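Trainee: The sequence and its predicted three-dimensional model are supplied below.
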Amino acid sequence: MSNIPTPHIKANLDQVAKTVLMPGDPLRAKFIAETFLENYECVNTVRNMLGFTGEYKGKKVSVFGSGMGMPSIGIYSYELFNFYGVENIIRIGTAGTISDKVNLRDVAIGIGACTDSNFAHQYNLPGTFAPTADFGLARAAVEAAEKMGIPTVCGNILSSDVFYDDDATAFDKWRKMGVLAVEMEAAALYMNAARAGKKALCMLTISDDIYGGKKLSVEDRQTGFTDMMKIALEVAAQNS
């Protein structure tokens, strides 16, 4: 019995590219398709988690929303890696900076993803797993950004299960360990990729300054992150 379509993705197997860009917001997926892709079609509308496939510089590329949090991206990335034959998923999301090294609108590349989640418990490992990006994708992203004159900051990020944290000192503890920014999905994506033998990368535009109290508007979060999108599309075109 085929696993396609899944409970969450209605696309046919041939409607999904080998490389998928994955923003959290499905409206950002729609914006990317409409702005950057040629000959695109909407291939998923289940639960309004929009997915599109089209062409970028003649290469087949898909872009799917992931939703918020590790359980959500865990479902979509698992199904794409294991049922649709996807080889590469590039998360293009937002994050809050907790470091002086990154500021609003900067592009951060998550080489590693610390987490307060129990997602790795399912693997029954005899120790602590360190979720990391694929080096080839990360290097391609940095090189593409350099060619476009877009500065990036690479380092460790935090994937948290908690948006409203009852511990007011939590970020202070991660900050002292050199963590750049906090988001909510990368660690699960990296673990799913590792388990499936696939490749993943998380690129983030800084939308909030947690210590400075500054943040971008909802509109900017949906459409204002074109630098990150352009970098990710270049990497996708190289790996399609």
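Mentor: It's in.

Trainee: Downstream of the lowest-mean-pLDDT helix or strand in the chain, the next helix or strand is which one?
Mentor: Lowest mean confidence among the helices and strands of the chain (mean pLDDT, DSSP states H and E): helix 218-223, at a mean of 68. Downstream of helix 218-223, the first helix or strand assigned by DSSP states H and E is helix 226-238.

Trainee: in that next one, what counts as buried?
Mentor: 227, 228, 229, 230, 231, 232, 233, 234, 235, 236, 237, 238 (16 or more other Cβ atoms under 10 Å). C-beta coordinates here come from the backbone N, C-alpha and C atoms, glycine included.

Trainee: Serialize these to a markdown table and add fields for distance to residue 103 and pLDDT.
Mentor: Formatted as a markdown table, these follow (distance: Cβ to Cβ, whole Å; pLDDT from 0 to 100):
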| residue | distance to residue 103 | pLDDT |
| --- | --- | --- |
| 227 | 13 | 93 |
| 228 | 14 | 96 |
| 229 | 19 | 96 |
| 230 | 19 | 96 |
| 231 | 17 | 97 |
| 232 | 20 | 98 |
| 233 | 24 | 98 |
| 234 | 23 | 98 |
| 235 | 23 | 98 |
| 236 | 26 | 98 |
| 237 | 28 | 97 |
| 238 | 28 | 96 |
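
Trainee: Closest one of these to residue 30?
Mentor: residue 229 (12.4 Å; Cβ to Cβ).

Trainee: now the closest one: how far from residue 135?
Mentor: Computed with Cβ to Cβ, to the nearest Å, the distance linking residue 229 and residue 135 is 22 Å.

Trainee: rewinding a little: now, among the buried residues of helix 226-238, which is nearest to residue 66?
Mentor: residue 232 (13.5 Å).

Trainee: and that closest one, what does it touch?
Mentor: 21, 90, 92, 141, 203 (Cβ atoms under 8 Å, 6 or more residues apart in numbering).

Trainee: could the residues you listed go into CSV alongside neighbour count?
Mentor: As requested, the contacts of residue 232 are arranged in CSV below (neighbours: other Cβ atoms under 10 Å):
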residue, neighbour count
21, 29
90, 29
92, 25
141, 26
203, 28
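
Trainee: Include distance to residue 35, pLDDT and secondary structure when you put those residues into a markdown table, please.
Mentor: Compiled in a markdown table, the contacts of residue 232 are given as follows (distance: Cβ to Cβ, whole Å; pLDDT from 0 to 100; DSSP: H, G, I helix; E, B strand; the rest coil):
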| residue | distance to residue 35 | pLDDT | secondary structure |
| --- | --- | --- | --- |
| 21 | 12 | 98 | strand |
| 90 | 16 | 98 | strand |
| 92 | 13 | 98 | strand |
| 141 | 19 | 98 | helix |
| 203 | 17 | 98 | strand |
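
Trainee: Show me the two of these that sit farthest apart.
Mentor: For the contacts of residue 232, the farthest-apart pair by Cβ to Cβ is 21 and 141; their separation is 11.8 Å.

Trainee: Return every residue with contacts to both of the two.
Mentor: Shared contacts of residue 21 and residue 141, defined by Cβ under 8 Å, 6+ apart, comprise 90, 232.
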